[in-house]
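> Got a sequence here, can you model it:
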Amino acid sequence: MNHVRPPDIKENVRRFDEDVRAQGAYAYTGDRLSARLANSRISQSIAESFNFHGASVLDLGCGDGAYTVEFAAHGVRRVVGLDPAAVAIEAARARAQSMGVSDTVRFEVGNIYELDEHLASGQYDCIVIRGVLHHLPDPARAVAGLAAFKGTVIVLEPNGSNPVLKLLERFSRYHIEHEERSFRPGLICNWIEAAGLPIRSCRVLNLVPFFCPDPIARVLRSVEPLVERVPLVRNIACGQSIIVAGR
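Have a look, this model is predicted:
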């Protein structure tokens, strides 16, 4: 029986481009308090995972570039953001230009399954994959494509062990329209190890959902440090997992 490979790009890429046309950015990179709190905690965790000063970074699935431009403040030598959503990439370029970081931060339309050109010459020290794998038709194949990479890989994903997240994926209109899903951290680690990349660390973080009301976001942020320290509780309560791997 012949195996039929799924397409490289899902319908959600068009959805994200529509979000940029309508709002100028992705819904979860906007100015809503819960999004700002969640994104700041996630960005902090990524910044603490690698010494970005002087590094060359490939940001896979960069979307509207909201997170990619942050690397300029970490002192990177350069960062390239890659995403199949062409409208989002145009918004990302405009964002970098308006922030005065376009000399350091560059964006390209591209496909995570076609990285040979980027990986062949050893031009990157670190690859960041932030909130991307769960949007792909075949995330395991995307990770397998990193097998030849010799540097550090940072993967940030929704925590598939969180039961509230599983309910949102089933009933939230946004999650359904954008084909949101999540994977257990252990499964992602298995994909990374199968690609020959040793796991350095794996942990969960962030208690604030992206689209929750402001009062709830404030309460959750206040108890977040405590929850992140409690074993078992954090594994089901936190919203994201971060995995650092590499040779």
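> Distance from the chain centre to stretch 168-181, please.
Averaged C-alpha coordinates place stretch 168-181 at 17 Å from its chain's average position (CA atoms, centre = their mean, to the nearest Å).
> Now do that stretch: everything it contacts.
10-12, 15-16, 27, 134-135, 158, 160, 182, 209, 211 (CB atoms under 8 Å, 6 or more residues apart in numbering). C-beta here means a position set from N, CA and C on the backbone, and glycine is covered the same way.
> Out of those residues, which one has the weakest pLDDT?
Within the set of the contacts of stretch 168-181, pLDDT is lowest for Ala27 (71).
> and it, how far is that from Asp19?
6 Å (CB to CB, to the nearest Å).
> Specify which residue of these two has the higher count of neighbours.
Taking neighbours as other CB atoms under 10 Å, Ala27 and Asp19 compare with Asp19 leading, 25 against 16.
> Spatially central residue in the protein, please.
Ranked by distance to the mean C-alpha position of the chain (CA atoms, centre = their mean), the top residue is Arg130 at 1.2 Å.
> Wait, it touches Ala66, no?
No - applying CB atoms under 8 Å as the test, Arg130 and Ala66 come out as separate, 10.1 Å apart.
> low-scoring stretches of the protein, by residue?
1-7, 28 (pLDDT under 70).
> switch to 90 and redo it
Within the chain, the ranges that satisfy pLDDT under 90 run 1-31, 116-122, 172-180, 210-211, 247.
> the strands in this structure, which residues?
Secondary structure of the chain (DSSP state E): strands at 56-60, 78-83, 105-109, 126-130, 152-158, 199-205, 240-246.
> Turn the ones you listed into a markdown table, columns for distance to Val143.
Compiled in a markdown table, the strands of the chain are given as follows (distance: least, CB to CB, whole Å):
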| stretch | distance to Val143 |
| --- | --- |
| strand 56-60 | 11 |
| strand 78-83 | 15 |
| strand 105-109 | 20 |
| strand 126-130 | 8 |
| strand 152-158 | 8 |
| strand 199-205 | 12 |
| strand 240-246 | 9 |
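> so which of these comes closest to Arg221?
Across these, Arg221 has its closest neighbour in strand 199-205 (12.2 Å, CB to CB).
> Out of the strands of the chain, which is closest to Ala72?
strand 105-109 (5.6 Å).
> what residues are up against His134?
His134 neighbours (CB under 8 Å, 6+ apart): 157-158, 180-183.
> One more: Val76?
The contact partners of Val76, taken as CB under 8 Å, 6+ apart, are 52-57, 104.
> Number of residues surrounding the residue nearest to Pro198 when sequence neighbours are not counted?
Leaving aside its chain neighbours, Pro198 sits nearest to Ala245 (6.3 Å; criterion: CB to CB, 6 or more residues apart in numbering). Counted by other CB under 10 Å, the residues lying close to Ala245 total 24.
> Ala245 and Ile192, how far apart?
5 Å.
> what is in contact with the two at once?
Counting by CB under 8 Å, 6+ apart, the contacts common to Ala245 and Ile192 are 153, 155, 199.
> Which of those sits closest to Leu37?
Nearest to Leu37, judged by CB to CB, of the shared contacts of Ala245 and Ile192 is Val155 at 21.6 Å.
> Distance check, the closest one against Leu165.
17 Å.
> more neighbours, the two?
Comparing Val155 with Leu165 by other CB under 10 Å, the one with more neighbours is Val155, at 27 against 22.
> Wait, the more buried one touches Ile192, no?
Yes - counting by CB under 8 Å, Val155 does reach Ile192; the two are 7.0 Å apart.
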